[in-house]
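Student: Task: produce atomic coordinates for the following.
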Amino acid sequence: MDSSNTLLPVGFVGSIIWMTVPPRKMSLLALVLAAGWLPLRNAHGQTVQMLDPVGYNLLTLPAGNSIRVNPMVQAKVFQAIAGSVSSDPNSVITVSGSAAVLAAGAYNETATGPAYYLEVLSTGSGQGLIADVVSNTANTITVAQSIPGFGVSGTTTFCIRPHTTLSSLFPASNSALSPYVDTLELFFPDGSSKAFLFTGVGSGWVDPGMYTDAGGVVIYPGQGFVMNVATSKSVPIMGSVKAGPTIVPLYAGEVNLVGTINSQSSGPQTLSSYALPASLVPNVDTAGTFVDDGSLDQEGSYMSNGTSMVDQVTLAIADSEPVPPTEGVLVSVGQSENWVMPSFFTSGQ
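Tutor: Alright, predicted model coming up:
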C-alpha cells in the first residue's frame, strides 16, 4: 500500500506493549437508538436532510484495565459539497456556491488543538477520510492534511463534526465513574502515552502530572483507549451513529490500538467485522486480542493471509474470533498505511 497518503492526525494511537497469554471473551453491550432528522443548510441555502440517529450505550468495564473504543461520534454541524479542493500540505476546501454559509472562525483550532474535523462522505477512495480543521472563513475550510491524493475533488460531499473529547465522552456529571480514582489512557504516534484522571468537577478530567485541565483532549474516530477502574461498572455514553466507512491510520513500527465504530450491538461481532485483510500486508501485519477480565492478558495473535485473518501459530482461519463492538484490537504494521473500517450503519449520509 502507498504510504505517502497515510493520515497522521495529532494525538492518535501509538505504541503499547502488553504480551502474555490466552482465554475468555465479554458479553455485548445494550444500545437504544432514537433516530431523528437533523436539517442543515447547504451552500445554496437549501435544507439538507441528514439522518443522524442519537445513540445511548453502556460501556461495561471490569475492575482493572480494559481496552475500549467509542462506538459513536459527535453530530454533524455542517454538510455541503466542495466547490474546489487545493493540493497544498494544508488543503483548502471551497464550499460550493457564492453565499457566505459559514461563520468565519467557527471551527478554528483552539489553543489546545483541533476542535472539529472534516469527514468525506462521497463514495470513492477518499470516503471516510478524516482531517482536522485548522480554520475556516465564510466559504472556505482549511484542514491539516493534503487530501486530493485520496481522490477528494471539487465535487466531494463532506461534513464537519466536533471532535469527541474526554469531556464529551465522559462528562463530569457521569456518576458511574469514580472521581480521583478512575483513569483513561491514550497512546500517541510517537510511542508515548498518558493516563488522564477523572475528577467529576469542572471539565471532568485532568492531567495528573501537572493537574492541568484535560477535558479537551481529543479521542479520534476508531481510536482505542484503556480504561482503568477500581470496581466493575457500566458507564453510560451518548453520541450519534456514524454512517459509511472510516479511514483510520496505522503507524509503522508501532502497535496501534483501534476498534470499530459500531453502535449496533444487537448481534455478535467477530474479527472478520474489521475487514483488516483488505488493508494489511499479508504474512507481515498482525492483530492481537485481549482477555477482558481486567488483566489485559493477550488472548490471541493473528495475521493476514491476504483474504482472512489466521492464527499466527496454527494458521487456522480466525475470522470468527469474537471481538465485541466496544472492545479493540492491537494492530502492528510494517509500513504506515490506512485501515478502511467498514460501515456498520449505511443510512443518512
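Student: So for Gln145, what's the nearest residue that isn't a sequence neighbour?
Tutor: Counting by C-beta to C-beta, 6 or more residues apart in numbering, Gln145 lies nearest to Ala131, which is 3.9 Å off, once chain neighbours are set aside. In short, each C-beta sits where N, CA and C put it, glycine included.
Student: An error on my part: the question was meant for Val218.
Tutor: His163 (4.6 Å).
Student: And the helices in the stretch 151-300 of the chain?
Tutor: For the stretch 151-300 of the chain, the helices defined by DSSP state H, counting those that start in this stretch cover 166-169.
Student: Could I get the full set of strands for it?
Tutor: 157-162, 164-165, 183-187, 193-198, 205-207, 212-213, 218-219, 224-229, 233-240, 246-250, 255-258, 286-290, 298-304 (DSSP state E, counting those that start in this stretch).
Student: buried ones in the fifth one?
Tutor: Yep, that's strand 205-207 we're talking about. For strand 205-207, burial by neighbour count (16 or more other C-beta atoms under 10 Å) applies to Trp205, Val206.
Student: Could you give the separation of that strand from the chain centroid?
Tutor: For strand 205-207, the separation from the chain centroid amounts to 21 Å (computed by C-alpha atoms, centre = their mean, to the nearest Å).
Student: got the contact list for it?
Tutor: If you take C-beta atoms under 8 Å, 6 or more residues apart in numbering as the criterion, strand 205-207 is touched by 166-167, 170, 184, 194, 196-199, 212-215, 217.
Student: redo that, cut-off 6 Å
Tutor: Leu166, Phe196, Leu197, Thr199, Ala214, Gly215 (C-beta atoms under 6 Å, 6 or more residues apart in numbering).
Student: got those as JSON lines, with neighbour count, distance to Asn283 and pLDDT columns?
Tutor: Output for the contacts of strand 205-207, formatted as JSON lines (neighbours: other C-beta atoms under 10 Å; distance: C-beta to C-beta, whole Å; pLDDT from 0 to 100):
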{"residue": "Leu166", "neighbour count": "23", "distance to Asn283": "38", "pLDDT": "98"}
{"residue": "Phe196", "neighbour count": "22", "distance to Asn283": "37", "pLDDT": "98"}
{"residue": "Leu197", "neighbour count": "19", "distance to Asn283": "42", "pLDDT": "98"}
{"residue": "Thr199", "neighbour count": "21", "distance to Asn283": "47", "pLDDT": "98"}
{"residue": "Ala214", "neighbour count": "24", "distance to Asn283": "40", "pLDDT": "97"}
{"residue": "Gly215", "neighbour count": "19", "distance to Asn283": "43", "pLDDT": "97"}
